[in-house]
Each structure stands twice: as structure tokens, then as C-alpha cells.
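**Student:** Any chance you could fold what I've pasted below:
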Amino acid sequence: MSRATLVLNSTKVRERALSWCRQAPWGTRIEFKATKRSLPQNSIFWAMLSDIAAQKEHMGRKYSPDIWKLLFLDAFGRETKFVPSLDGSTVVPIGQSSSDLSKDEMSSLIDFMSAWGAENSVEFHVPSSELSKHSEGMAA
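**Tutor:** Residues are numbered from 1 along each chain as shown. Sure, this is the predicted structure:
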């Protein structure tokens, strides 16, 4: 087996993981990750990015929610790398994905964006009750 993912959600799955660990050849890499962000957190994240994109400029320019996502991930401490585009006319950011964030990481990022928005007069259209509920990382 070259790759596999298990989500520890039952004793049976935990036993399978233990079995795989016992049988894995030396040098096999094993990675443990916290629970992934929730779909409601993701929806709030993109709604906030859309509000920011509609209302704010960065360095005198308007940007799409996708660009704001990269800016916030960078500000949040996610590593940014750039490589030249295929035609060499620009650079392309790589290594910036929000899909791999855990619930707690997404919660912290939403809180960070909310604070940034408050400091920069952004009016978020996400109800504050939804924002606080999902920024706590407790959403299913």
C-alpha cells in the first residue's frame, strides 16, 4: 500500500490502524492530523472573503476572494511559495490551501479575519451568531 487514510471514528478503525502500523516496513511515514475543518466553517470563511473582496483594497488594488484567501493564509502563518508561471510572465503561489486546515485552525483563522475586519471597517454579512458558533471550531 502506498497511501491510505483512516479516520479514527470507531474501535474497529483504530484496530486496523494498529495492524497497519505493526505491518508497515521500516521507514514508512505516518502522519496524524486533527479533525478537518467543517463545511459550515468553510462556508463562513468564503462568505467573509467575499465581503472583504467587495469592500476593501490591498495596496490600492481590488482583489478576488481567492487572492484575499492567500493574503490571509500568509498573514496567519501558512507558508507561501512562488514559482514562475509556465510562460514566465508572472509568478504562481503554491502551498497555500485552506482545505487541509483543522477545525481549530479554521476557527483561529475565522477569528483572525473577524478581528482584521473589525479593525478595517468590514461589514460582514454572516450573522454574528453563526460567526461565533463556527469560529469556536465546534461545528459538525
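
**Student:** Tell me how far H125 lies from I44.
**Tutor:** As judged by Cβ to Cβ, to the nearest Å, H125 and I44 stand 10 Å apart. (C-beta placed from N, C-alpha, C; glycine too.)

**Student:** right, I mislabeled it, should have said S107
**Tutor:** S107 is 10 Å from I44, by Cβ to Cβ.

**Student:** L109 now?
**Tutor:** L109 is 10 Å from I44, by Cβ to Cβ.

**Student:** What of Y63?
**Tutor:** Distance from Y63 to I44, by Cβ to Cβ: 19 Å.

**Student:** ok, those two, which is more surrounded?
**Tutor:** Set Y63 next to I44 and count neighbours by other Cβ atoms under 10 Å: I44 wins out with 24 against 17.

**Student:** Quick check: which element contains the more buried one?
**Tutor:** Using DSSP states H and E, I44 sits in helix 39-55.

**Student:** L70 too?
**Tutor:** helix 65-75.

**Student:** Contacts for stretch 52-62, please.
**Tutor:** Stretch 52-62 has contacts (Cβ atoms under 8 Å, 6 or more residues apart in numbering) with 63-65, 67-68, 71, 113, 117, 120-123.

**Student:** Quick one, which of these are buried?
**Tutor:** Buried members of the contacts of stretch 52-62, counted by 16 or more other Cβ atoms under 10 Å: 63, 65, 68, 71, 113, 117, 122.
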